[in-house]
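1. sequence first, then the predicted structure:
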Amino acid sequence: MRKPSARLMALPAVLLFGSLLCGCPNPNSYGTPRTVEPGKISHSVSLESYGYIGEVEEDQVDPNTGESTTRTETTSGFLPTLPSYQLRAGLTDMLDIGAHVHNLSSFGVDLKVNPVRGVFDLAVDPGLQYFFVTANEASVHIVYLHAPLMLGVNPTDWFSIVVTPGVTYALASGDIADDDEAAAVGDGLLLRGGLGFQFRTSESFAIHPEVTMMKSVDGPGLAYNFGIGFNFGALPSYKDLQEPM
């Protein structure tokens, strides 16, 4: 077994830098619990941004006494990311599959199961996201396993409210330098919760703003994704909610 060197102390910084600039964890679905009809295909293009709130510890030395103290400060950031694309294909009446290009830098896939439809919809939507970060002598592989529960309320046939509680499991492995000692594997569990609103202007076009918050169970800090999705193609049907003529 290869032993990690002191240079692996830089691994968290590499992961943070990579997640902010190319392929951050992206849990937004820009969809509702309902699946695409069998044999049909829908598309989604989204404009997105990423933010975080965390804590940074700073060591300070008193010039008079020479005593060292640690001060904790809150840090935050917010920045736009590259657009994302999603394709969904219907498999059965309550099952479809999605393929994703997140922020033009990472790839993902998910499988949605939608057993309940009506004024209230329910689905489970497990998925996977992968991206690779490399800079100088550092290279990191990161996999996010998403496991959301999708809850939808449909007041009318043209509007839905979507709540997505769940968890995300992160797994990272990386080489900080080009030698046999600078390798490591890390993982962590994130709690997540999202809120979205879908406005369907026709049977083949919808606008879907969504925000998802993520919180690590191992420490302080909060990350969030906000975006607006534009959905088109063979979107899920809501004809069952239309008022009779």
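-> That came through fine.
2. could I get the full set of strands for this structure?
-> Under the criterion DSSP state E, the chain contains strands at 41-61, 68-80, 84-92, 95-102, 106-116, 120-124, 127-135, 138-156, 159-175, 183-202, 205-216, 222-233.
3. so what's the residue count around Gly98?
-> 21 (other CB atoms under 10 Å). The C-beta positions use only the backbone N, C-alpha and C, and glycine is treated the same way.
4. same question but for Pro209, I mixed them up
-> Neighbour tally, Pro209, other CB under 10 Å: 16.
5. what number of residues lie near Phe228?
-> I think there's a mix-up here, since residue 228 is Ile and not Phe. Residues lying near Ile228 (other CB under 10 Å) number 16.
6. so what's it up against?
-> By CB atoms under 8 Å, 6 or more residues apart in numbering, Ile228 lies in contact with 46-48, 207-210.
7. by neighbours, which of these wins?
-> Among the contacts of Ile228, Ser46 has the most neighbours (other CB under 10 Å), with 25 neighbours.
8. how close does it sit to Leu149?
-> Noted for Ser46: a distance of 21 Å to Leu149, by CB to CB, to the nearest Å.
9. got it, and Glu58?
-> Distance from Glu58 to Leu149, by CB to CB: 39 Å.
10. tell me which of the two has more neighbours.
-> Per other CB under 10 Å, whichever of Glu58 and Leu149 has more neighbours is Leu149, with 14 against 9.
11. how about the contacts made by the more buried one?
-> Taking CB under 8 Å, 6+ apart, we find Leu149 in contact with 122-125, 164-166.
12. my guess is Ser173 contacts His141, does it?
-> Yes. Between Ser173 and His141 there is a contact under CB atoms under 8 Å: 5.2 Å.
13. picking that back up, now the contacts of Leu149 as a markdown table including pLDDT and neighbour count?
-> Shown next, in a markdown table, are the contacts of Leu149 (pLDDT from 0 to 100; neighbours: other CB atoms under 10 Å):
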| residue | pLDDT | neighbour count |
| --- | --- | --- |
| Leu122 | 98 | 15 |
| Ala123 | 98 | 26 |
| Val124 | 98 | 15 |
| Asp125 | 97 | 22 |
| Thr164 | 97 | 24 |
| Pro165 | 97 | 12 |
| Gly166 | 96 | 20 |
